[in-house]
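**Student:** how would this look folded up:
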Amino acid sequence: MGLALHSWSAIAVLVMIFINLFILISSEDLAKYKRANSLYWVPLEITVLGSLLFTGVVMMAAKHLEFSVENIAMIILGIVLIVLEAKRLKALKYLSTKKENAFNVYKPFGRTILQAEFILVLLMSLWMWFV
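**Tutor:** Residues are numbered from 1 along each chain as shown. Sure thing, here's the model as predicted:
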């Protein structure tokens, strides 16, 4: 049951990253995007990522802290996801709503980070499900 919950958490992280990417691409107004992001999407995404990390820690404890290649790769991926999200959110936080092209400058940066996160989680999930 724990492994199934961990797999569903990984799927939920993929869905949240995809939703964030879709919202970023379709948004036109920086102020509305920042508000919706800070009120709804960031807390939800961090909660889902936290559930993935928590179920991973529980699974490691169930395996008696066995440090296999897969577990080490998942630990590194968790750290990378946290760092990438922090970079994306820090750049968004300090983005001025008064500058005219600020959102157009941020969009490629945010899109690149979200795409990298999506690809990393997808590759790790495929590796765990099919190998």
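
**Student:** quick one: residue 97 and residue 30, what's the gap?
**Tutor:** Going from residue 97 to residue 30 by CB to CB, to the nearest Å gives 5 Å. (C-beta placed from N, C-alpha, C; glycine too.)

**Student:** now do residue 99
**Tutor:** Residue 99 is 9 Å from residue 30, where distance means CB to CB.

**Student:** Between those two, which is the more surrounded one?
**Tutor:** Using other CB atoms under 10 Å, the more surrounded residue of residue 99 and residue 30 is residue 30, with 21 against 11.

**Student:** give me the number of residues near the nearest residue to that one once chain neighbours are set aside?
**Tutor:** Leaving aside its chain neighbours, residue 30 sits nearest to residue 103 (4.0 Å; criterion: CB to CB, 6 or more residues apart in numbering). Residue 103 has 21 neighbours, counted by other CB under 10 Å.

**Student:** got it, and residue 32?
**Tutor:** Quick note: residue 32 (other CB under 10 Å) scores 11 neighbours.

**Student:** secondary structure element for it?
**Tutor:** According to DSSP states H and E, residue 32 maps onto helix 30-36.

**Student:** buried residues in that helix?
**Tutor:** When neighbours are counted by 16 or more other CB atoms under 10 Å, the buried residues of helix 30-36 are found to be 30, 33, 34.
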